[in-house]
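[1] Quick one, structure for this:
(one chain, ligands or ions: 1)
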Amino acid sequence: MMKGIKFMSNEALLKEIGMLNPMPGRVASATRSLNPLVVGIIVVAGVVILAVTIGLLVYFLGFERKPYIYQSDLHIRNVEYTNQLESPTSQEYRSLSRTIENLMNKTFKASNLRSQFIRAYVARFRRDNEDVIANVLLKFQFKGATSAASMKRRIEQILRQIQNNAGSLTISLLPTEVKPIDPVVVQDILIKRCGTRPELITLSFERIIQGTQASAGDWPWQASLWINNAHRCGAILISDTWLVTAAHCFRISRDPRQWSVTFGYSLRSPEIRANVKNIIIHPNYMAPTHENDIALVELTNRITFNKNVHKVCLPEANLIIPSGTRVYVTGWGSQISGGNSVPILRQGGVEIISNTECNSPENYNGLITSGMICAGIPGGGTDACSGDSGGPLVLADSRQIWSAVGIVSWGDECGLPNKPGVYTYLPVYRNWIKQETGI
Ligand code: ARG
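    Residues are numbered from 1 along each chain as shown. As a prediction, this is how the structure comes out:
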């Protein structure tokens, strides 16, 4: 063979190669187009293997942070138990739970668990003779490899220090020690409470609300009232069977059988649909003046709360909101005066305006009565609009628990300067709601 090749001319050699590769051009081009494909597959495989390796490394080396929630009972020896501590929206409940949460936050943020600690939340109070027992949830995020038992000991150690340094409170730790609690169980407890939004349900940080489209679960008490196969009004969920809305929504029909209710932030694919058993319109509702623009809607069946659908808190009857307070209005109403409703829930931040200011000649010139409250933006802009009626105006307390303080009622067009939104002022109707629904 060697010999044969050696004696071949260049031409013969080329011919022989040509015979081995009868279509050299095609083979060469096929090789060229195959190479990028192979290279591509190798690159993709490489990237996948690398990603999986990094993922496994991160997991096993414990970079992943898992949430852990612990609960502990604190005996508050210098606070007398009152019935107010049964109602999360009462002044006493709010201020005592705030004091305890602040103390916990301060202590854990100064402890050796500071980088794992997320937040403290007082879940409930109960009575112990004359004293108060506070059930406190503590959320941490630990690296994967941390042993839960050693964490429990460290938490207990820190809580024991609190006993000697509790500021205005006299606290003693109960022998019932610190116990872990499943975050899913905590979520199930919190969605049954009024006024909880996602950041509280997951015991995480306060979320910034942008003045735009809402996400699923952002305003879980927002409902939509439907008639003739269309969204007509907003409504506010206050229990698993009752909603509050505006009386003027029913000018078209008061027949419960014509109405239905949907829940969830998307009008086109609601989380829950429900039928209406009963509509109670405030007996003193006056259409011309919009006075007492409030109605109650009872559902035919109880709905089951989930993380995207649950109730808001109702304010105490004596609530006074200082002007300038930031509140939020939500709804599927139109974005311009006289426009169509939108398919995805929208949210907007507005400020409370005092009735005196709102009644000034440039504003509503005396049309605002004690059962109403105004909210808007000083130069105009963010506002409710048609289709938002009956929906909520909500206020968060310092613990991020939300109460409905108003019902979208009326306004001169939408978003005009000096023409803020006018809302039915819920505290004024607190006792009427209690009387009609028991809530
Ligand atoms: N009446 C309107 C409705 O039926 C709501 C008006 C609210 N207007 C306002 N500018 N905030 O949907």
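
[2] need the residues of the stretch 51-200 of the chain near the ligand, please.
    Contact residues, the stretch 51-200 of the chain versus the ligand (Cβ under 6 Å from any ligand atom): none. Backbone N, C-alpha and C define where each C-beta goes, glycine included.

[3] Which residue ranges of the stretch 51-200 of the chain form strands?
    65-76, 117-128, 131-143, 171-173, 179-181 (DSSP state E, counting those that start in this stretch).

[4] Report the inter-axis angle for the third one versus strand 117-128.
    Put simply, strand 131-143 runs at 160 degrees to strand 117-128, going by axes from the mean of the first three to the mean of the last three Cα atoms, to 10 degrees.

[5] now swap in the first one and tell me
    The directions of strand 65-76 and strand 117-128 differ by 30 degrees, with the same axes, to 10 degrees as the criterion.

[6] for whatever residue of the stretch 1-150 of the chain ends up closest to the ligand, what are its contacts?
    Checking the stretch 1-150 of the chain residue by residue against the ligand with Cβ to the nearest ligand atom singles out T89 as nearest, at 25.6 Å. T89 sits next to 194-195, 313-316, 397, 401, 403 when contact means Cβ atoms under 8 Å, 6 or more residues apart in numbering.

[7] quick one on the thing from earlier: weakest of the strands of the stretch 51-200 of the chain in terms of mean pLDDT?
    Mean pLDDT is lowest for strand 171-173 among the strands of the stretch 51-200 of the chain, at a mean of 83.

[8] gap between it and the chain center?
    33 Å (Cα atoms, centre = their mean, to the nearest Å).

[9] Check stretch 38-58 too.
    Distance, centroid of stretch 38-58 to centroid of chain: 37 Å (Cα atoms, centre = their mean).

[10] Kindly report the same for stretch 223-234.
    Worked out by Cα atoms, centre = their mean, stretch 223-234 lies 23 Å from the chain centre.

[11] so how far does that stretch reach from one end to the other?
    Start-to-end span of stretch 223-234 (Cα to Cα, to the nearest Å) is 6 Å.

[12] helix/strand/coil for whichever residue of the stretch 251-400 of the chain sits closest to the ligand?
    When distances are taken as Cβ to the nearest ligand atom, the stretch 251-400 of the chain reaches nearest to the ligand at S389, 3.0 Å away. What DSSP: H, G, I helix; E, B strand; the rest coil gives for S389 is coil.

[13] switch to numbering from 26
    Let's use 26 as the start, then, which means that last one is S414.

[14] can you map out the strands along the stretch 226-375 of the chain?
    Ranges of strands in the stretch 226-375 of the chain, per DSSP E, counting those that start in this stretch, are 247-252, 255-262, 267-270, 284-288, 297-306, 320-324, 351-356, 371-378.

[15] hmm, the last one touching the ligand?
    Yep, that's strand 371-378 we're talking about. No. Counting by Cβ under 6 Å from any ligand atom, no contacts exist between strand 371-378 and the ligand, the nearest distance being 9.2 Å.

[16] Skipping its backbone neighbours, what lies nearest G356 in space?
    Excluding its sequence neighbours, the residue lying closest to G356 (Cβ to Cβ, 6 or more residues apart in numbering) is D413, at 3.3 Å.

[17] pLDDT score assigned to the one you found?
    In this model, D413 carries a pLDDT of 97.

[18] likewise I42?
    Reported pLDDT for I42: 40.

[19] how close does whichever residue of the chain sits closest to the ligand sit to G373?
    Nearest residue of the chain to the ligand, counting by Cβ to the nearest ligand atom: G436, 2.3 Å away. G436 sits 13 Å away from G373, going by Cβ to Cβ, to the nearest Å.

[20] What parts of the stretch 226-375 of the chain come near the ligand?
    G358.

[21] Tell me where the model's unsure across the stretch 226-375 of the chain.
    231-236 (pLDDT under 70).

[22] 80 instead?
    Scanning the stretch 226-375 of the chain for pLDDT under 80 picks out the ranges 230-236.

[23] Distance check, F288 against L370.
    Applying Cβ to Cβ, the value for F288 to L370 is 11 Å.

[24] list residues touching both of these two?
    Q247.

[25] Show the model's pLDDT score for A170.
    So A170 comes in at 63 (pLDDT).

[26] Kindly report the same for the one 3 residues further on.
    Reading off the confidence values, A173 has pLDDT 73.

[27] give me every residue that touches the nearest residue to it once chain neighbours are set aside.
    Using Cβ to Cβ, 6+ apart and skipping the chain neighbours, the partner closest in space to A173 is P205 (6.2 Å). P205 is in contact with 93-96, 173, 177, counting by Cβ under 8 Å, 6+ apart.

[28] Would you confirm that R139 contacts N130?
    No. With contact defined as Cβ atoms under 8 Å, R139 does not reach N130; the gap is 10.5 Å.

[29] Which of these two has more residues huddled nearby?
    Neighbours were counted for R139 and for N130 using other Cβ atoms under 10 Å; N130 has more, 16 against 10.

[30] Show me where the stretch 326-464 of the chain has its helices.
    380-383, 455-462 (DSSP state H, counting those that start in this stretch).

[31] Compare those helices and give me the one nearest Q186.
    helix 455-462 (41.8 Å; Cβ to Cβ).

[32] in the closest one, what counts as buried?
    455, 457-458, 462 (16 or more other Cβ atoms under 10 Å).

[33] swap in stretch 119-131?
    In stretch 119-131, counting by 16+ other Cβ under 10 Å, buried: 119, 121-122, 124-126, 128-130.

[34] re the thing from before, surely the residue nearest to G356 touches V433?
    Yes. Assessed by Cβ under 8 Å, D413 is found in contact with V433 at 4.6 Å.

[35] Now the common contact residues for those two.
    With Cβ under 8 Å, 6+ apart as the test, D413 and V433 both reach 259, 354, 356, 358.

[36] just to revisit the earlier point, let me have the contacts of T114 in TSV, extended by neighbour count and distance to T314.
    Formatted as TSV, these follow (neighbours: other Cβ atoms under 10 Å; distance: Cβ to Cβ, whole Å):
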residue	neighbour count	distance to T314
C219	20	31
G220	24	31
C338	22	29
L339	25	24
P340	22	23
E341	13	26
D422	16	32
I426	21	33
S428	23	26
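
[37] which stretches of the stretch 26-175 of the chain form helices?
    27-32, 35-45, 49-86, 116-134, 173-189.

[38] and those helices, which one is worst for confidence?
    helix 27-32 (a mean of 35).

[39] before we move on, back to that, shared neighbours, G436 and G373?
    Joint contacts of G436 and G373 (Cβ under 8 Å, 6+ apart) are 408-409.

[40] before we move on, the earlier item: kindly reformat the contacts of P205 as TSV containing distance to N333 and neighbour count.
    Listed next are those as TSV, based on distance: Cβ to Cβ, whole Å; neighbours: other Cβ atoms under 10 Å:
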residue	distance to N333	neighbour count
Y93	25	21
I94	21	21
Y95	27	20
Q96	25	17
A173	30	11
K177	33	16
